[in-house]
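Peer 1: Here is my input; please provide its structure:
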Amino acid sequence: MIGIRFGVLALVGLAGLGCSAAAQSHNGVIQNGPASEGWRQAEASILTNHRQLTSRGMFTRAGEAYFNANSSMVIFQATPVPEGDAAPSPHYEMFVAPFTNNGGTIDGISTPIRVSTGGSANTCGWFHPTQANIVLFGSTIEPPSADNVPGYQRGTGRYAWSFPTEMQIVSGSISSTIIPAEGETGYHALRPAITDAVFEKPGYTAEASWSPDGRTVLYAQVDEAKSDAAGRPDADIWAYDTETGTHHPLVEASGYDGGPFFNHDGTKICYRSDRAGNNLLQLFVADLELNEDGVPVGITKETQLTDNEHVNWAPYWHPDGDLLVYATSQVGHRNYEVFAIWADASKGTVPVRLTESDGADVLPVFSPDGKYLMWTAQRGELAEGEQRPSSQLWIAEVDSEAIRTKLREANGG
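Peer 2: The predicted structure follows:
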């Protein structure tokens, strides 16, 4: 499942979210009416030209999407709509798709291409920074065993996600010939599927991305020896040197430390942690200790950016490295929203809100050039019989300087 840069928290844990939007039915799909789109005006100072990239007609849910180096493609996880009366898969499949453009502006995606093996659980896709046809993601490769999936819950159990111990980090090329898979409609599947493990480590291993130079893989690893008796996982953040095959622990604090990303020059990482043991998540950044080859071997300084009663997760760097976007329950657990915060705590730690819809807005990422914000949202079409819009991918043009202005105002200059 999604991650788990705490994406299952958004896509499964928020199942109780309702939609107050006015709607009208069309061919079995309820479309949100004009009265439901007040968020366009509310977000206009920061986000404009909103576009929905994936739809309920193709995917029952889609999320956690990332750009490639030149913003020409996207990698994401999704659950395809099954044929007939079949139930959708309980696991996410991994897809890539080229963006489509209209006058130089991203306005959608082409037919998605499935790159994971059928029946497997997949999460956290990523593109290589210099080799355009290489991708990285977490996968069980085979269907995960139902009796071998430790989990994590928050509060009443409505927030829950799984950690298949078969999950490992895989990589491969997407340049193979695209052949539609038999019995599948609406998307393509690669043959052969990508199944090459980057390295072998026992237990849940995922949440991976490459460093800006492509040499280091940053990832999270569940340490079963440190996990508690109730099955609450304890994860650490590691760096893998692809040239020497060496693994270096970076963050080994108690609790789940995960969802890490390098900044633009590979000298810092951001991540979230539940190390306080109170079922909440807080945001951290750390300065990296680099060896003579520029490979991270530790951290020299860790800074906690949030320390509150909310779930703060999925932090992601602005390409300039001065601020982070993230998802938070600050507005309420029934309505996660995207906020921004300075990456340098000395400039202030008061965050500002960027999204304003009634449904969940989570897993935000900037495009490499800073022109776009892409995220997972429950603000689109409402399928017949469903109580809330499904989680789908959205994109909008973002005014980064407007975010900085809001942050300066919120933090006293």
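Peer 1: Now for this structure, the helix or strand with the poorest mean pLDDT.
Peer 2: Using mean pLDDT, DSSP states H and E, the weakest-scoring helix or strand in the chain turns out to be strand 23-26, at a mean of 27.
Peer 1: And the most centrally placed residue in the chain, how close does it get to A410?
Peer 2: Nearest to the geometric centre of the chain sits E64, at 3.3 Å (CA atoms, centre = their mean). Counting by CB to CB, to the nearest Å, the gap from E64 to A410 is 28 Å. C-beta here means a position set from N, CA and C on the backbone, and glycine is covered the same way.
Peer 1: again, but for Q282
Peer 2: From Q282 to A410 the distance is 18 Å (CB to CB).
Peer 1: quick one, which of the two is more surrounded?
Peer 2: More crowded of Q282 and A410, by other CB atoms under 10 Å: Q282, with 21 against 17.
Peer 1: Which strand or helix spans that one?
Peer 2: Using DSSP states H and E, Q282 sits in strand 282-290.
Peer 1: And that strand, what does it pack against?
Peer 2: strand 246-251, strand 268-273, strand 296-304, strand 312-317, strand 323-328 (3 or more CB pairs under 8 Å, 6 or more residues apart in numbering; DSSP states H and E).
Peer 1: pLDDT weak spots in the stretch 151-300 of the chain?
Peer 2: Scanning the stretch 151-300 of the chain for pLDDT under 70 picks out the ranges 151-161, 175-195, 228-231.
Peer 1: Repeat the analysis, applying 90 as the threshold.
Peer 2: Across the stretch 151-300 of the chain, the ranges flagged by pLDDT under 90 are 151-165, 172-196, 200, 202-203, 223-233, 277-279.
Peer 1: which stretches of it form strands?
Peer 2: Using DSSP state E, counting those that start in this stretch, the strands of the stretch 151-300 of the chain run over 151-154, 159-162, 168-173, 178-179, 188-190, 196-197, 205-210, 216-222, 235-241, 246-251, 257-262, 268-273, 282-290, 296-304.
Peer 1: May I have the beta-bridge partners of F137?
Peer 2: V170 (DSSP bridges).
Peer 1: Tell me where the longest helix sits in the chain.
Peer 2: Across the chain, the longest stretch assigned as helix under DSSP state H is helix 400-410.
Peer 1: quick one on the thing from earlier: walk me through which strands the strand holding Q282 pairs with, and which way each runs.
Peer 2: Counting by DSSP bridges, strand 282-290 is paired with strand 268-273 (antiparallel), strand 296-304 (antiparallel).
Peer 1: Could you give me the buried positions within it?
Peer 2: 282-286, 288, 290 (16 or more other CB atoms under 10 Å).
Peer 1: sorry, back to before: in TSV, list the strands of the stretch 151-300 of the chain along with distance to P364.
Peer 2: Converted to TSV, the strands of the stretch 151-300 of the chain look like this (distance: least, CB to CB, whole Å):
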stretch	distance to P364
strand 151-154	21
strand 159-162	19
strand 168-173	23
strand 178-179	30
strand 188-190	28
strand 196-197	29
strand 205-210	15
strand 216-222	19
strand 235-241	20
strand 246-251	22
strand 257-262	12
strand 268-273	12
strand 282-290	13
strand 296-304	20
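Peer 1: I'd like to know which of those strands lies nearest to S120.
Peer 2: Shortest distance between S120 and the strands of the stretch 151-300 of the chain, using CB to CB, is found for strand 168-173: 9.5 Å.
Peer 1: report the angle between the axes of that closest one and strand 216-222?
Peer 2: Orientation of strand 168-173 against strand 216-222 (axes from the mean of the first three to the mean of the last three CA atoms, to 10 degrees) gives an angle of 150 degrees.
Peer 1: now strand 168-173, how far from the chain's geometric center?
Peer 2: 17 Å (CA atoms, centre = their mean, to the nearest Å).
Peer 1: Measure how that strand sits relative to strand 235-241, angle-wise.
Peer 2: Using the same axes, to 10 degrees: strand 168-173 against strand 235-241 is 40 degrees.
Peer 1: Kindly export strand 168-173 (C-alpha atoms) in CSV.
Peer 2: This file holds the C-alpha atoms of strand 168-173, laid out as CSV (Å, rounded to 0.1, in the frame of the first residue of the first chain):
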residue,chain,number,x,y,z
GLN,A,168,11.7,-4.4,-1.2
ILE,A,169,13.1,-1.7,-3.5
VAL,A,170,13.2,-2.5,-7.2
SER,A,171,14.4,-0.7,-10.2
GLY,A,172,14.2,-1.2,-14.0
SER,A,173,13.8,0.4,-17.4
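Peer 1: now the helices for the chain?
Peer 2: 7-11, 38-42, 400-410.
Peer 1: ok, and which of those has the densest surroundings?
Peer 2: helix 7-11 (a mean of 28; mean count of other CB atoms under 10 Å).
Peer 1: How many residues are close by the closest residue to T355 other than its chain neighbours?
Peer 2: Once flanking residues are discounted, T355 sits nearest to D361: 3.9 Å by CB to CB, 6 or more residues apart in numbering. Number of residues near D361 (other CB under 10 Å) recorded here: 29.
Peer 1: Equivalent analysis for the one 3 residues further on, please.
Peer 2: Residue neighbour count, defined by other CB under 10 Å, stands at 25 for P364.
Peer 1: How many residues are close by S145?
Peer 2: S145, neighbours per other CB under 10 Å, totals 11.
Peer 1: Next one: it from K201, what distance?
Peer 2: Computed with CB to CB, the distance linking S145 and K201 is 18 Å.
Peer 1: My read is that the residue nearest to the centre of the chain contacts M374, right?
Peer 2: No. At 10.1 Å, E64 and M374 do not qualify as touching, with contact defined as CB atoms under 8 Å.
Peer 1: which residues are common contacts for these two?
Peer 2: Common contact partners of E64 and M374 (CB atoms under 8 Å, 6 or more residues apart in numbering): none.
Peer 1: Mind listing what's buried along stretch 86-93?
Peer 2: Applying 16+ other CB under 10 Å to stretch 86-93 flags 89, 91-93 as buried.
Peer 1: now what about it, what contacts it?
Peer 2: So stretch 86-93 is contacted by 1-2, 60, 77-82, 114, 116, 118-123, 140, 143-144 (CB under 8 Å, 6+ apart).
Peer 1: of those, buried ones?
Peer 2: So, by 16+ other CB under 10 Å, the buried ones in the contacts of stretch 86-93 are 1-2, 60, 77-81, 114, 116, 120-123, 140, 143-144.
Peer 1: what's near enough to touch the closest residue to D369 other than its chain neighbours?
Peer 2: In space, and not counting its chain neighbours, D369 is closest to S71: 6.4 Å by CB to CB, 6+ apart. Shown in contact with S71 (CB under 8 Å, 6+ apart): 99, 106, 367-369, 371-372.
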